[in-house]
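**Q** please work out how this folds:
(4 chains)
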Number of protein chains: 2
Amino acid sequence: MAAARVRSGGRPTLEEVAARAGVGRGTASRVINGSPRVSEATREAVEAAVAELGYVPNRAARALAGNRTDAIALVVPEPETRFFAEPYFSAIVRGVGAALADTEMQLLLTLVGSDRERRRLAQYLTAHRVDGVLLVAVHADDPLPELLGQLGMPCVISGARHAAEPLASVDSDNFDGARAAVEHLASRGRRQVATITGRLEVYGAQRRLDGYRAAVSAAGLAPDERLIAPADFTEEGGARAMRRLLERRPALDAVFAASDVMAAGARQVLREAGRRIPEDVALIGFDDSAVARHMHPALTSVRQPIEEMGQRMAELLLDEIAGRAPDAESPTVVLPTELVVRDSS
Amino acid sequence: MAAARVRSGGRPTLEEVAARAGVGRGTASRVINGSPRVSEATREAVEAAVAELGYVPNRAARALAGNRTDAIALVVPEPETRFFAEPYFSAIVRGVGAALADTEMQLLLTLVGSDRERRRLAQYLTAHRVDGVLLVAVHADDPLPELLGQLGMPCVISGARHAAEPLASVDSDNFDGARAAVEHLASRGRRQVATITGRLEVYGAQRRLDGYRAAVSAAGLAPDERLIAPADFTEEGGARAMRRLLERRPALDAVFAASDVMAAGARQVLREAGRRIPEDVALIGFDDSAVARHMHPALTSVRQPIEEMGQRMAELLLDEIAGRAPDAESPTVVLPTELVVRDSS
DNA sequence: CCTCCCCCTGGGAGCGCTCCCACCTGCGCT
DNA sequence: AGCGCAGGTGGGAGCGCTCCCAGGGGGAGG
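**A** Numbering: from 1, shown residues only, chains lettered A, B, ... in the order given. Model (predicted):
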C-alpha cells in the first residue's frame, strides 16, 4: 500500500460544516468556539452538522490563524530524570494530565539534556510554539526562567529557587516536612539528631535544612553544626555523609536524610558500622518513594503530594495563559507534607 | 502597496529571511528543508540570513501547509501509570527522548484514563494531529491499535499482544529472561522452583511463564502445575499467590516472580512463614527496579533494557513515518534481558 | 552557432482557521 | 412613519508555510 493518502477522502472542514448547517463560516466558527452571540437555532444546526460530519477542528490552522497553540510544554532537565525518576516524574505528569484532562490543551514533553538541546529549547519557546511552560527541577542559576519572563511566556516552576521567587511556583512544604520529621525523632527521645542534606543550591534542600534547625532548637536540643552533613541526593553521597557523621559524632542516635535514596545509602553504612535501626539509630527519609516502603526496616519518610503539585502547576499555568493571572504578584503555592511513620524511627 | 511591510517586533518569517538573503521564498524554503537542488552560494546566503534574523520556522504554518505535524504521541493508559510507574515510565520517556533529540519531532504525552478521554484520543488521532503514535502497555483487547491501523497512522507498540503481532512492536525477551532466571535457580541446586505469574492476558506475562516452563523441563525438573500461581503484577497479588504456593507445595525451595513488586509481596509472606531468603527459599523478580535493589535481601532480578526499548520504539516509528517502512511485515524487535544476581538467590 | 536540457530559481495557489468589518434584519423609541 | 440600535450573520483578509509550475540561464551536444 504505497499511497493511501486519506487526504482526498477528506476530513471535514469548517467550511463544510457551515455549508451543511446552512450558515456562513464565521457563524460556524462562533458556535464551535462557544461565542455567545449566536442564536439558539443556529447553534443547534451547527452542532448537528458537526456531529454528523464528525468534524474536529484542525489544530494547525487554528494555531496559525489564532496565534496560539493550545499546548504547553513540560520541560524536564534530562540529567535530573535519573534522580527524580522514582515516583516524582510520573507523579508530576499524572497530576498535570489530570489538570489538562478537561481542556483542549496538549502536553508537550521536552527533555533538555545537552546544552545544544537547551539552545534548541530556547528557540522553541522564542518561536512561541507553546502557550506556556512548566519547569521542573530548576536550578537557581538556570537562565531559562528569566528568558521566559522576558518573552512574556506564561511559566510555572516546580519549586521556588529563592525566598523571593519572581515566578509562579508550586512547592511542597519542605520546611515543615523536615521540622515534623525531627520533631518526631525528638519526641521519641532522640537527643543527637543528625541530618544529611541535599545539594544546598537547591532551595528545597535548603528549606529542609532550615526546618531541621528550627526543630532542633524547638526541641531544646543543642544545635551542633557537626551533626550536619551535606550531600547530593545520591545514594553514594548519602553513604559518604553517613560515614563522616559517624566519625564526627559516634554517639548520634538519629538521622534525618533529605531524601529516601540518601537514607538508603546511610542505612547501608549504619549496618556496616553495626548500628541497629531503629534501636541504636533512628532513620528518616524524604519523598516516601518505593525505596522507603521496601527498605528494611521500612523507612519512615516525609511524603510530598507530588501528583497534586503537578496538578496545581498546570492549573496555575492555565490561569496565567487565560490572563486570569492575579496581576498582583506571582503566586507561590505551598502544599503540605505528611510524615509517614514506619519501622525505622 | 503590498511591498515591504516592516513587521515590528514580530518573529521573522520565511519571507523576511528570503528578502534578507536576496532570494525568493521558495528558495529559502528549500534551503531550510535541506533540499539538494540549491546552489552552494545561495544556501550560504540563506543560512546567514537565518542566523542573523534568528529565524525559527513556524510550526503551525508548516503543519497546515505540509499536512503533517512533526509530532508523535506517546499514549499511556492512565490506570497503568501507577503500576508501571516504577522505572518503566520515565525510562521509556527517556529513551524516546533520546531518539527524538536530533529530530524536529515533538513528543506529545497523552494520558488516557476515562472512556471519555479515550474517545477524545480517537478524535485526536483521526484528526491527524500527530504523525505517529507510540502505544505503551496495550491490552490485547484494546481497539485502539486496530483503529490506528485503519487510519493508516504509523504506530509502534511496546509489547506484542499475541504471537502474531500485526503492528510494529518492541519487546524485551521475556521468554529468555524467565528462562535464565529459572536456569540460574536450577544450577544452584534448587529442585522445586515455583513461579508467580503476571496477568496472563498480557502477552509478556504469558511469555515469562513459557520461559519458566521451558527452563524447568530443560533442567530436568518435574513439571508441576501446582507450582504455578497466577497473580496480577501487584504486591498484594504476589503475597496471595505466595500463600497459595506455600499451602500447596510447602517444600518449595525457589520462587520466580514475574515482577519485582510481586516478589516483594512474596518476600513478606515467606518471612512471615519463617522461611529464610535465600537459605530456605531463593527468590527472583523481574524488572530490576529500585524495589529490587533496596529490598532486603537485595533481590536477584531480570533486567529489561527499558530505556533502549523506548528508543527503538521511537526509531521504528520515525522510520515508518518517513516511509522507510519495511512493508514486508511489521517488525518486532526483541531486546535481550539480563539476569542481575544479588543476594536473594 | 543554435538547440535542447537540466539546474536553479521565483512566486502563485492554497492549507483551514480566526478576526473583524460590514451588513441586515427587527424592534423600541421619538 | 422615521430613526437608531443591537443582536445575528456572511465572508474577506490574512496567518506563514509547502508544493508545484513556469521561466531564465548556462553548458553540452548537433
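**Q** so residue A:118 touches residue A:124, yeah?
**A** No - at 10.4 Å, residue A:118 does not count as touching residue A:124 under the criterion of Cβ atoms under 8 Å. For every residue, glycine as well, the C-beta is placed using N, CA and C.
**Q** who has more neighbours out of those two?
**A** residue A:124 (21 against 17; other Cβ atoms under 10 Å in any protein chain shown).
**Q** which elements pack onto the helix or strand that that one is a member of?
**A** Using DSSP states H and E, residue A:124 maps to helix A:115-126. Applying 3 or more Cβ pairs under 8 Å, 6 or more residues apart in numbering or on different chains; DSSP states H and E, we find helix A:115-126 packed against strand A:71-77, strand A:106-112, helix A:144-151.
**Q** from what I can see residue A:228 touches residue A:194, true?
**A** Yes - between residue A:228 and residue A:194 there is a contact under Cβ under 8 Å: 7.2 Å.
**Q** what about these two, which has more around it?
**A** Neighbours per residue (other Cβ under 10 Å) separate residue A:228 from residue A:194, with residue A:194 holding more: 27 against 18.
**Q** helix, strand or coil for that one?
**A** Taken by DSSP: H, G, I helix; E, B strand; the rest coil, the conformation at residue A:194 corresponds to strand.
**Q** need the per-residue pLDDT for it.
**A** For residue A:194, the pLDDT comes out at 98.
**Q** now do the contacts for the residue nearest to it when sequence neighbours are not counted.
**A** Leaving aside its chain neighbours, residue A:194 sits nearest to residue A:227 (4.2 Å; criterion: Cβ to Cβ, 6 or more residues apart in numbering or on different chains). Residue A:227 makes contact with A:192, A:193, A:194, A:195, A:245, A:248, A:249, A:252, according to Cβ atoms under 8 Å, 6 or more residues apart in numbering or on different chains.
**Q** neighbours of the last one, how many?
**A** Neighbours of residue A:252 under the rule other Cβ under 10 Å: 23.
**Q** go on, the fifth one?
**A** The burial count assigned to residue A:245 is 24, neighbours taken as other Cβ under 10 Å.
**Q** touching chain B at all, stretch A:266-278?
**A** No - figure legend: stretch A:266-278 not in contact with chain B (Cβ under 8 Å from any Cβ of the partner chain); closest approach 8.9 Å.
**Q** start to end distance for that stretch?
**A** Distance between the two ends of stretch A:266-278: 13 Å, counting by Cα to Cα, to the nearest Å.
**Q** got the contact list for it?
**A** Under Cβ under 8 Å, 6+ apart, the answer for stretch A:266-278 is A:196, A:238-239, A:241-243, A:246, A:255, A:257, A:280-281, A:283, A:295, A:297, A:299, A:343-345.
**Q** among those residues, which are located in strands?
**A** A:196, A:255, A:257, A:283 (DSSP state E).
**Q** go ahead and confirm residue A:166 touches residue A:330.
**A** Yes - using Cβ under 8 Å, residue A:166 makes contact with residue A:330 at a distance of 6.2 Å.
**Q** now residue A:209: closest residue in space, sequence neighbours ignored.
**A** residue A:197 (5.0 Å).
**Q** ok, residue A:187 next?
**A** residue A:219 (7.8 Å).
**Q** and if you look at residue A:200?
**A** Closest to residue A:200 by Cβ to Cβ, 6+ apart is residue A:206, at 5.3 Å.
**Q** work out for me the element the one you found sits within.
**A** Secondary structure from DSSP H and E places residue A:206 in helix A:203-218.
**Q** quick one: mean pLDDT over that helix.
**A** Mean predicted lDDT for helix A:203-218 stands at 96.
**Q** give me the residues contacting that helix.
**A** For helix A:203-218, using Cβ under 8 Å, 6+ apart, the contacting residues are A:140, A:159-163, A:171-172, A:174-183, A:186, A:193, A:195, A:197-200, A:223, A:228, A:233, A:256, A:258, A:286.
**Q** give me the angle between that helix and strand A:193-197.
**A** 170 degrees (axes from the mean of the first three to the mean of the last three Cα atoms, to 10 degrees).
**Q** ok, then the element right after helix A:203-218?
**A** Downstream of helix A:203-218 (by DSSP H and E), the next one is strand A:228-230.
**Q** elements contacting that following strand?
**A** strand A:193-197, helix A:235-248.
**Q** so which of those is the most surrounded?
**A** strand A:193-197 (a mean of 27; mean count of other Cβ atoms under 10 Å in any protein chain shown).
**Q** ok, now which ones touch the closest residue to residue A:309 other than its chain neighbours?
**A** Closest residue to residue A:309 apart from its sequence neighbours, by Cβ to Cβ, 6+ apart: residue A:170 at 5.1 Å. Residues in contact with residue A:170 (Cβ under 8 Å, 6+ apart) are A:156, A:157, A:158, A:159, A:309, A:312, A:313, A:316, A:332, A:333, A:334, A:335.
**Q** off-centre distance for the host helix or strand of the first one?
**A** Right, residue A:156. Following DSSP H and E, one finds residue A:156 within strand A:155-157. The chain centroid and the centroid of strand A:155-157 are separated by 10 Å under Cα atoms, centre = their mean, to the nearest Å.
**Q** so what strands line up beside that strand?
**A** strand A:132-135 (parallel), strand A:168-172 (parallel) (DSSP bridges).
**Q** no more questions from me, cheers.
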